[in-house]
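Peer 1: Sequence isn't available, so here's the structure alone:
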């Protein structure tokens, strides 16, 4: 059983003492009274008067074989739990702890602290678990019991209590236990799991992948800055720009423009012989902005792209170039870009909204690439040329994300596999 030594103040300022001298009083008075008279207020504030609960060394402390602390025993490291059996006053009237191993320590708060909860309060909130967490049966102290758990990193938990200890802040998840705030993220951290997936499974020179969570702005990727020929992904900035003009009232979906020979004759025009259902040869017919946008978004129509670019951007004129300056790494003339920059344009499309998102969500290519094995809305723009196959998408999970996959010498199914793996984490 622990013995508790209590220092009693027996002198009173209201009752005069009948003594001959201070020296006589110190000699004849009980030891606890002598302690009160000889020790400074500073000593009395830092010296222990009781054995603390869960005592812990706050620094390296020397222990002694004798109560007067003259015969050195050994050094005790910082953050060591102590088993104290007694609290004594030695011959020098210094309080001393006796340990279970028979050695002695100064009973002073400078060296020994009480490893207990300093504050505990109700707290309702949600966090995302970080990798490396441990669940404890109580707010952490040295020797606290760790619990087995089915909780997994990068998942969301609800907490109902908060506690402050010597070791930091801990939160309690009902039915689970206490977890350090060092392993709790206030924002969705699943993008870290995506990054680990990409590094372990898709770290290839023939891939450029960029993934961005729209709610947090956090991103992951493999070779995200790698420049590749973009093929028809190069039409994505055009769709962004035209939708921007629509949102600002500078264009209307019902505006009509004529398909003449001149629409194929300007710098940056696509070869009309590529994909799409509009005539490859100018037919002098009028098309609405809506019709052209649908053809570009849903069929990747080259002729429609040229018509829309000729009229809506003034042949990729100064206003268009200024708008595209937000994406400086896109070489529109060479049609070279990285998956990261393509993802930034798709993110801008997501942020501004508009009809283009619906067009990109219903394309001829929805049974392949990113959208193939994903069972939520996917707005995407594909690109094919030579050995390059790409897809850039908004994936509408509860927390939508942007996925941009550029490949060289790889298949549509390879793109689908990457997209599915990312979706499983972020859905």
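Peer 2: Okay, I see it. On a predicted model such as this, the values are computed, not experimentally measured, just so you know.

Peer 1: The nearest residue to residue 168 once chain neighbours are set aside bridge partners, please.
Peer 2: Excluding the flanking residues, the one nearest residue 168 by Cβ to Cβ, 6 or more residues apart in numbering is residue 180, at 5.8 Å. Using the backbone N, CA and C atoms, a C-beta is placed for each residue, glycine as well. Applying DSSP bridges to residue 180 gives these bridge partners: residue 170.

Peer 1: what about residue 180, neighbour count?
Peer 2: 20 (other Cβ atoms under 10 Å).

Peer 1: same check, this time on residue 62
Peer 2: 14.

Peer 1: Tell me the confidence at it?
Peer 2: Residue 62 is assigned 97 on the pLDDT scale.

Peer 1: next helix or strand past the helix or strand harbouring it?
Peer 2: Residue 62 is part of strand 61-64 when elements are defined by DSSP states H and E. As assigned by DSSP H and E, the chain's next helix or strand after strand 61-64 is strand 72-76.

Peer 1: Which stretches in the stretch 151-300 of the chain count as helices?
Peer 2: For the stretch 151-300 of the chain, the helices defined by DSSP state H, counting those that start in this stretch cover 190-201, 236-247, 289-294.

Peer 1: can you pull the buried residues of the second one?
Peer 2: Spelled out, it's helix 236-247. Within helix 236-247, the residues that qualify as buried are 236, 237, 238, 239, 240, 241, 242, 243, 244, 245, 246, counting by 16 or more other Cβ atoms under 10 Å.

Peer 1: dump the residue contacts of the third one.
Peer 2: Shown here is residue 238, whose contacts under the criterion Cβ atoms under 8 Å, 6 or more residues apart in numbering are 296, 305, 308, 309, 312, 313.

Peer 1: Pull the most distant pair out of those residues.
Peer 2: The largest separation in those, counting by Cβ to Cβ, is between 296 and 313 at 12.2 Å.

Peer 1: Please parse the chain into its domains.
Peer 2: 22-112, 119-185, 191-426 (automatic domain parsing).

Peer 1: Out of the ones you listed, which is the most enclosed?
Peer 2: domain 191-426 (a mean of 19; mean count of other Cβ atoms under 10 Å).

Peer 1: now the end-to-end length of that one.
Peer 2: Distance across domain 191-426, first residue to last, is 8 Å (Cα to Cα, to the nearest Å).

Peer 1: cool, and stretch 351-366?
Peer 2: 22 Å.

Peer 1: And the contacts of it?
Peer 2: 239-240, 242-244, 246-247, 253, 290, 293-294, 297-300, 349-350, 371-372, 377-382, 391, 394.

Peer 1: hmm, 6 Å instead?
Peer 2: The contact list for stretch 351-366, computed with Cβ atoms under 6 Å, 6 or more residues apart in numbering, reads 239, 243, 247, 293, 294, 297, 298, 299, 377, 379, 382.
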